[in-house]
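Novice: for reference, the sequence and a predicted model appear below.
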Amino acid sequence: VADPHGEFVDWLLKTAETNTVRSVPAETPAARLSRLRFRRITKAGRLTLLEITPETGRSHQIRVQLAVHGHPICGDGKYGSKKTMHGAIALHASMLTFDHPTRHEPITVTAPEPANWQSLFPALRQGGAGGVASND
């Protein structure tokens, strides 16, 4: 990912029969506006560690938007990655904030990165970011 930070804005359409999502023109019936921000943490060869902040919450949004812009997530064969991770993809929610259903106050949950990321991506210094995009 060449830019140190940026935003992707796309219109996405889900196909329930195949459980896939694709980018479509804005005027497509049932398409939904999808927006995410990204920040590059580090880059090593064809891999980039990104921090991703979705502004909207669409099905498969991060996976599709990164793939549409030429950066499929490592291991995500469904959306264009040629690399495999034995059934996993290099996408991790390091932090999630939501409103408590009855107290109506923000709750933040954090999780460390997967333990195997250091061995899978030794050239990238991990820091709890959102995902590893590739240019494959």
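Specialist: Received, thanks. Predicted, not measured: the structure shown is a model, and the values here were computed from it. Numbering: from 1, shown residues only.
Novice: please, where are all the strands along the protein?
Specialist: Along the chain, counting by DSSP state E, strands occupy 5-15, 20-24, 32-44, 47-54, 95-99, 106-110, 131-134.
Novice: go through those and pick out the most buried.
Specialist: Stretch with highest mean neighbour count among these: strand 131-134 (a mean of 25; mean count of other CB atoms under 10 Å). Every C-beta, even on glycine, is put in place using the N, C-alpha and C of the backbone.
Novice: state the mean pLDDT of that strand.
Specialist: Averaged across strand 131-134, pLDDT comes to 64.
Novice: with stretch 80-100 instead?
Specialist: pLDDT averaged over stretch 80-100 gives 91.
Novice: before we move on, what about stretch 110-117?
Specialist: For stretch 110-117, mean pLDDT is 88.
Novice: extract the CA atoms of it and return them as CSV.
Specialist: C-alpha atoms of stretch 110-117 as CSV (Å, rounded to 0.1, in the frame of the first residue of the first chain):
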residue,chain,number,x,y,z
THR,A,110,-9.1,-5.3,23.0
ALA,A,111,-7.3,-8.5,21.9
PRO,A,112,-3.6,-9.1,21.2
GLU,A,113,-2.6,-10.0,17.8
PRO,A,114,-2.5,-13.7,17.0
ALA,A,115,0.5,-15.4,18.5
ASN,A,116,1.6,-16.9,15.1
TRP,A,117,1.8,-13.6,13.3
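Novice: quick one: closest of the strands of the chain to residue 120.
Specialist: Closest of the strands of the chain to residue 120 is strand 131-134, at 8.4 Å (criterion: CB to CB).
Novice: want to try TSV for the strands of the chain, with distance to residue 121 as columns?
Specialist: Shown next, in TSV, are the strands of the chain (distance: least, CB to CB, whole Å):
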stretch	distance to residue 121
strand 5-15	20
strand 20-24	26
strand 32-44	8
strand 47-54	6
strand 95-99	19
strand 106-110	20
strand 131-134	6
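Novice: which one, of those strands, ends up nearest to residue 88?
Specialist: strand 131-134 (11.2 Å).
Novice: ok, longest helix in the chain?
Specialist: Identified as the longest helix of the chain according to DSSP state H is helix 61-68.
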